[in-house]
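coordinates only, sequence not included:
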């Protein structure tokens, strides 16, 4: 992974000192709240319902064990003993004291972490596939390009105050696991038959108040033109994006207003004018970035023998077998596997990790995965480089720590925002709804029979829980001061991205598990052999689901 050098560290130290001064001036009454607002946001500090919330960047999801232990230390000494993994692979502290935030940022800087540009109207943390570098279907490792984008976008003076927040995602595999089509810019790495590497460029995707699937504005962008082209997109947006209405300020609104074709023409014109400027990537710079993502010290392993051992262990333990089925996936290096540690046991807010659990994850990473772990946009943790011969031992330790719930990709692997329990923007609580649905589907054999189902919950229209792209999406709404929940069906965040259709009128919290059960029942009754929920919905449409859910007893 990329390790911060003295240049990076010097910038972080200066940033911490700057924000410490800003915070002290604000607390002394010398800096008005309206002036402090954009300054604290660009350091990741929000004011939430009950306390400040501090968001920490995890670039493209990569963490080393030293960083994880530092997060545990901060959670224990400055917070209430836990952190939250967000849907953009970041880490959030929900209870910091404002007076101590500069100290937190100073401690994070010691291990190459920060909250810089994790909020505000700027280019946010670049996200990617949690299996980058190890996926069997990977075309090119996207992490070097993510790191190039991070270095370019950090403190970029031209794009520090955009019309609205700006998010970029990059994927390098055949299957899109980074949801690139619902980002402001989505980059799909492709390799031509000639071997040339480049990007398919999506622009104008996003969820929230106006959900939009991104439009392709360039089928192939040579890799050396990555930064000039991104600059061209951002210049068009920065100059033409609306600043009079924050609800219409995202790039997706501009793309729709101009039409994708006209927007693309403007970008191409700007790019032609500046494509050979200072930001054009050289082969040396690309190789320099790739040099940070060298292979760990993989052993030469007899894959067949290792797999035979795993199979024998699975035959002796149903629980281990289920975990292998759901939480373990193939690896491009023979004899290795990638493991997802589930943060979705019933009764725990999805994505929450305690300080002691963080330390256990750091220990597991050191023991089983070369000292590295990854956050996922599904709010779980991945150990990407586990020897198959270690899987059983890892499972036992993960189970003891609460990380072995064998539910990855199932209906109980719920994406869920913090909702009304924490967020001042939320219209309704999300976490209790997630728990109630998980309890409705406690029979794992039944859950496995249902196959892959993405169930996403957001507490408000900002869609931090990505409800628009859940196969089953749930949105909390406010009706005269009471919490209700709207259901959407048919969303998808992968290659064939789609937005969910609103099923009909909203429901009270107490009936949500029953509503989801009825939806699942319709799927089970209508599916063909091996047909997943999303496929059945697309084939039969919303009507059968509406008839079942809204039928009067």
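Thanks, I have it. For clarity, every value in this text was computed on a predicted model and none was experimentally measured.

can you give me the strands in the stretch 301-450 of the chain?
Along the stretch 301-450 of the chain, counting by DSSP state E, counting those that start in this stretch, strands occupy 328-329, 336-341, 352-354, 372-375, 381-387, 415-416.

most tightly surrounded among those strands?
strand 415-416 (a mean of 28; mean count of other CB atoms under 10 Å). Backbone N, C-alpha and C define where each C-beta goes, glycine included.

Wait, residue 368 touches residue 395, no?
No: using CB atoms under 8 Å as the test, residue 368 is too far from residue 395 to be in contact (10.4 Å).

Neighbour count: the two, which is higher?
Between residue 368 and residue 395, counting by other CB atoms under 10 Å, residue 395 is the more crowded of the two (22 against 19).

which ones are touching that one?
When the contact criterion is CB atoms under 8 Å, 6 or more residues apart in numbering, the partners of residue 395 are 320, 323, 404.

Restricted to buried residues, select these in ChimeraX.
Selecting in ChimeraX just the buried members of those, where the criterion is 16 or more other CB atoms under 10 Å, is done with this command:
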select :320,323,404
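
Could you export the contacts of residue 395 as a markdown table, including pLDDT and distance to residue 434?
Putting the contacts of residue 395 into a markdown table (pLDDT from 0 to 100; distance: CB to CB, whole Å) gives the following:
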| residue | pLDDT | distance to residue 434 |
| --- | --- | --- |
| 320 | 98 | 26 |
| 323 | 98 | 21 |
| 404 | 98 | 19 |
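
Just to be sure, which of the contacts of residue 395 are found in helices?
Within those, residues falling in helices by DSSP state H are 320, 323.

Not counting residues beside it along the chain, what's closest to residue 180?
Counting by CB to CB, 6 or more residues apart in numbering, the nearest residue to residue 180 once its immediate chain neighbours are dropped is residue 186, at 2.9 Å.

my read is the one you found is in a strand, agree?
Yes: Residue 186: assigned to a strand according to DSSP: H, G, I helix; E, B strand; the rest coil.

can you map out the helices along the stretch 1-150 of the chain?
In the stretch 1-150 of the chain, the segments counted as helices under DSSP state H, counting those that start in this stretch are 6-27, 33-41, 65-78, 101-109, 143-153.

What residues are bridge-paired with residue 387?
For residue 387, the beta-bridge partners are residue 336 (DSSP bridges).

So which of the contacts of residue 395 is the closest to residue 99?
Distance ranking of the contacts of residue 395 against residue 99, using CB to CB, places residue 404 first at 39.0 Å.

Residue 391 is in contact with that closest one, correct?
No: using CB under 8 Å as the test, residue 404 is too far from residue 391 to be in contact (11.2 Å).

and the closest residue to residue 196 other than its chain neighbours, how many neighbours does it have?
In space, not counting the residues next to it along the chain, residue 196 is nearest to residue 222; the distance is 6.9 Å by CB to CB, 6+ apart. By the other CB under 10 Å criterion, the neighbourhood of residue 222 contains 15 residues.

these two touch, right, the residue nearest to residue 180 and residue 215?
No: applying CB under 8 Å as the test, residue 186 and residue 215 come out as separate, 10.0 Å apart.

Can you pull the residues that touch both of these two?
With contacts defined as CB under 8 Å, 6+ apart, the residues adjacent to both residue 186 and residue 215 are 202, 203, 205.

could the residues you listed go into JSON lines alongside pLDDT, distance to residue 139 and neighbour count?
Putting the shared contacts of residue 186 and residue 215 into JSON lines (pLDDT from 0 to 100; distance: CB to CB, whole Å; neighbours: other CB atoms under 10 Å) gives the following:
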{"residue": "202", "pLDDT": "98", "distance to residue 139": "16", "neighbour count": "24"}
{"residue": "203", "pLDDT": "98", "distance to residue 139": "21", "neighbour count": "24"}
{"residue": "205", "pLDDT": "98", "distance to residue 139": "21", "neighbour count": "26"}
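
of all these, which comes closest to residue 309?
Scanning these for proximity to residue 309, where the rule is CB to CB, the winner is residue 202, at 42.9 Å.

does the closest one have beta-bridge partners, and which?
For residue 202, the residues forming beta bridges with it (DSSP bridges) are residue 186, residue 216.

before we move on, the earlier item: of all the contacts of residue 395, which comes closest to residue 156?
Distance from residue 156 was checked for each of the contacts of residue 395 by CB to CB. The minimum falls on residue 404, at 42.0 Å.

To what extent is the nearest residue to the closest one once chain neighbours are set aside buried, counted in neighbours?
Distances taken as CB to CB, 6+ apart place residue 398 nearest to residue 404, at 4.3 Å, with adjacent residues excluded. Using other CB under 10 Å, residue 398 is surrounded by 24 other residues.

now the one 5 residues further on
Burial of residue 403 is recorded as 26 neighbouring residues (other CB under 10 Å).

now the protein, which segments are flagged as low pLDDT?
By pLDDT under 70, the weakly predicted segments of the chain are 553.

Return the member of the shared contacts of residue 186 and residue 215 nearest to residue 546.
After measuring these against residue 546 - CB to CB - the closest member comes out as residue 205, at 27.8 Å.

so the closest one sits right up against residue 214, yeah?
Yes: counting by CB under 8 Å, residue 205 touches residue 214, with 2.9 Å between them.

any common contacting residues for the two?
Going by CB under 8 Å, 6+ apart, residues that sit against residue 205 and also against residue 214 are 180, 181, 182, 183, 186, 252.

Just the terminal-to-terminal distance for stretch 497-514.
With CA to CA, to the nearest Å applied, stretch 497-514 spans 27 Å between its terminal residues.

What is the distance between that stretch and the centre of its chain?
Here stretch 497-514 is found 23 Å from its chain centre; the criterion is CA atoms, centre = their mean, to the nearest Å.

before we move on, what about stretch 224-244?
Relative to the chain's own centre, stretch 224-244 is displaced by 23 Å; criterion: CA atoms, centre = their mean.

What are the buried residues along it?
Going by neighbour count (16+ other CB under 10 Å), the buried part of stretch 224-244 is 224-238, 241.

so how far is residue 388 from residue 141?
Taking CB to CB, to the nearest Å as the measure, residue 141 and residue 388 are separated by 22 Å.

cool, residue 399 as well?
Residue 399 sits at a distance of 18 Å from residue 388 (criterion: CB to CB).

same deal with residue 364?
Residue 364 sits at a distance of 16 Å from residue 388 (criterion: CB to CB).

same question, residue 56
Applying CB to CB, one obtains 33 Å for the distance of residue 56 from residue 388.

At the geometric centre of the chain, which residue do we find?
For the chain, the residue whose C-alpha lies nearest the mean C-alpha position (CA atoms, centre = their mean) is residue 377; its distance is 2.5 Å.
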